[in-house]
Each structure stands twice: as C-alpha cells, then as structure tokens.
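**Student:** Provide a 3D model corresponding to the input given below.
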Amino acid sequence: MGQDVVAKVFSRADRQRYREKVRACLDVFARMLAEARFEPARGSFGLEIELNLTDDDGAPTMCNAAVLEAIADPDFQTELGQFNVEINVAPRRFTEQVFTELEDAVRASLNHGEERSRATGAHMMIIGILPTIDGAHLNAAAFSANPRYRLLNEQIFAARGEDLEIDIRGVERLSTYADTIAPEAACTSVQLHLQVEPEAFAAHWNAAQAIAGVQVAVGANAPFFFGKELWRETRIALFEQATDTRPDELKAQGVRPRVWFGERWITSIFDLFEENVRYFPPSRPICYDEDPG
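**Tutor:** So this is what the prediction gives:
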C-alpha cells in the first residue's frame, strides 16, 4: 500500500502470471509459518491518521499537493482525494509509555502540519466524514495526482461494468450513483498497528473482531453525508458501497464483497491470506521479478 505505480492496461497474460505468482507466494508463506522462519516480533505499535483539508469555512479544499510541499515531512502522504492527507506515525515498542509517546509525537506532527498548512490557506480536520462534503467534491477531478488512484478506479469499474450505487438508509435516506470511487475519499479514520508473533495473530485478530462493535459504538462520529442524516457511523456503509466491485447479479448470488467484516473466527494468519487469494481476483496484477521461493 502507498507504493507508486504507473498507469497501464493489464493483459490476460499479466493476470495469469500474477495468479501463478501469488499462489506460489502463498505456498512459501505456509512453509515459512510451518518452519517458524519469521524473526521474533519486537512488539512494536504504531498508527496512521487520515485527515481532511478544509478552507476557513470548513469546506473541503483540493490542495494536498501544496500542503505536502509546505509540510516537507515524509511522514505525511497523499490519500485518495485531494482534500485528504495521511500521517504515518513511526512505530514504537509496545511498553507502558507507548501511548504517551505516541500522543506526544502525533501532537507535535499535527501542530507542525497545521502551521504549515495555514500558509497554503488550508486547515487539517480530524473527523470521520466532513459534513460539508457534497457531489462537487467527489468526482474524478478530486483524485490525488498519484496515478495509482486513477488506476485503482479504472480496475474497480472494469470489474463492475456499471456505476456505483450508493444507497444508505438511516434517519434519512440517500440514494445516488457515482461514476468513480471518489465517494470513498470522504471516509477517514485512525488505524492502529500492533506487531505480534505469527502464532499469536489469530487470537489478536479474533479479539479485535469481538470488540469491533463496541469500538464503533464508542467512536461513531459520522452521521452526515451529502447533507443527509444517515447512520450514526455512515463510514461503514459508504466505504462498503464505494469500493464494491459486484454488480447486482453477483450480489444476488451471494458473492462476497471485497470490503466486509468476515464470517468466522480464524485459527491462523494464513486463513486470511488464503481466503483473499481464493475469493478475489487482483485489482492491479502487478508482478515483480523477485522469486518468492
């Protein structure tokens, strides 16, 4: 994720070569797990924070390139929309002081980022969905300059073969269509990363799934989208629908969406990788020369 790619058209041969290589990688991964070939985890802990850029009135402003140039810090990166940036906080050892250390580091970075953003006429806003976002901000012109975002958009719509339907029923109902994945850019979040040993991964994953409902209930802060009051946490429905590669017929057949909560506990980290390979074709079948064996 986050790696630059060049825009290209993928051939049938590209997809076949990618499928063969990803299956070979999966075999190697299974062997590495069985042989305990991974180095001991250092127990590091880090996070990513996605932010919105607004003008003085709180409306989205399409200026992340200028903001990133002004900040001049590699920890800050682009996201899908030009009104988004992301900060990647360097991981730290998972000790008693880690949360204090992370808070200090995040506050320092955000203060610096906000100060430099003001020089471009922008402000940084941390909120699930900006309530000021509307259709004028969520179209192809809103994509960040990096070609990877347009390539991802092209591949999702090639798989769908039709426009995205956004249909969210909450306090009010939103029913609309989108001809790009730009609505996904409205969803921003904080993502925590904890390094664990391979044999401990399943327990951590299952625990995270078990408490996810409580976390959503406590952290819900995105009731508004396109001027309508929808779910208490509209990001869930919006992200699922804005990245859905399935036309209605595949939904009716019960084909899994790419973004979903899952359906079972796992017994190994291998379960997740194997499931992805088994169920989902690649959106960008880019192969490298490295031999996984």
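
**Student:** ok, what's across the strand from residue 93?
**Tutor:** For residue 93, the beta-bridge partners are residue 44 (DSSP bridges).

**Student:** just checking, it touches residue 42?
**Tutor:** Yes. Judged on C-beta atoms under 8 Å, residue 93 makes contact with residue 42 at a distance of 6.5 Å. Every C-beta, even on glycine, is put in place using the N, C-alpha and C of the backbone.

**Student:** where do the helices sit along the stretch 1-150 of the chain?
**Tutor:** 12-34, 64-71, 98-118, 147-160 (DSSP state H, counting those that start in this stretch).

**Student:** again, but for the stretch 151-293 of the chain
**Tutor:** Going by DSSP H, counting those that start in this stretch, the stretch 151-293 of the chain shows helices at 198-219, 234-242, 248-252, 269-279.

**Student:** Export the longest one to CSV, keeping only CA atoms.
**Tutor:** In CSV, the C-alpha atoms belonging to helix 198-219 read as follows (Å, rounded to 0.1, in the frame of the first residue of the first chain):
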residue,chain,number,x,y,z
PRO,A,198,2.6,-15.4,13.9
GLU,A,199,1.3,-17.9,16.4
ALA,A,200,-0.4,-15.2,18.4
PHE,A,201,-2.0,-13.5,15.4
ALA,A,202,-5.3,-15.4,15.4
ALA,A,203,-6.1,-14.7,19.0
HIS,A,204,-5.4,-11.0,18.5
TRP,A,205,-7.5,-10.9,15.3
ASN,A,206,-10.4,-12.7,16.9
ALA,A,207,-10.3,-10.4,19.9
ALA,A,208,-10.3,-7.4,17.6
GLN,A,209,-13.4,-8.7,15.8
ALA,A,210,-15.1,-9.4,19.1
ILE,A,211,-14.8,-5.8,20.3
ALA,A,212,-15.3,-4.1,17.0
GLY,A,213,-19.0,-3.4,17.7
VAL,A,214,-18.2,-1.7,21.0
GLN,A,215,-15.4,0.4,19.3
VAL,A,216,-17.8,1.6,16.6
ALA,A,217,-20.4,2.5,19.2
VAL,A,218,-17.9,4.5,21.2
GLY,A,219,-16.2,6.1,18.3
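
**Student:** tell me the angle of it relative to helix 269-279?
**Tutor:** Angle of helix 198-219 versus helix 269-279, following axes from the mean of the first three to the mean of the last three C-alpha atoms, to 10 degrees, is 80 degrees.
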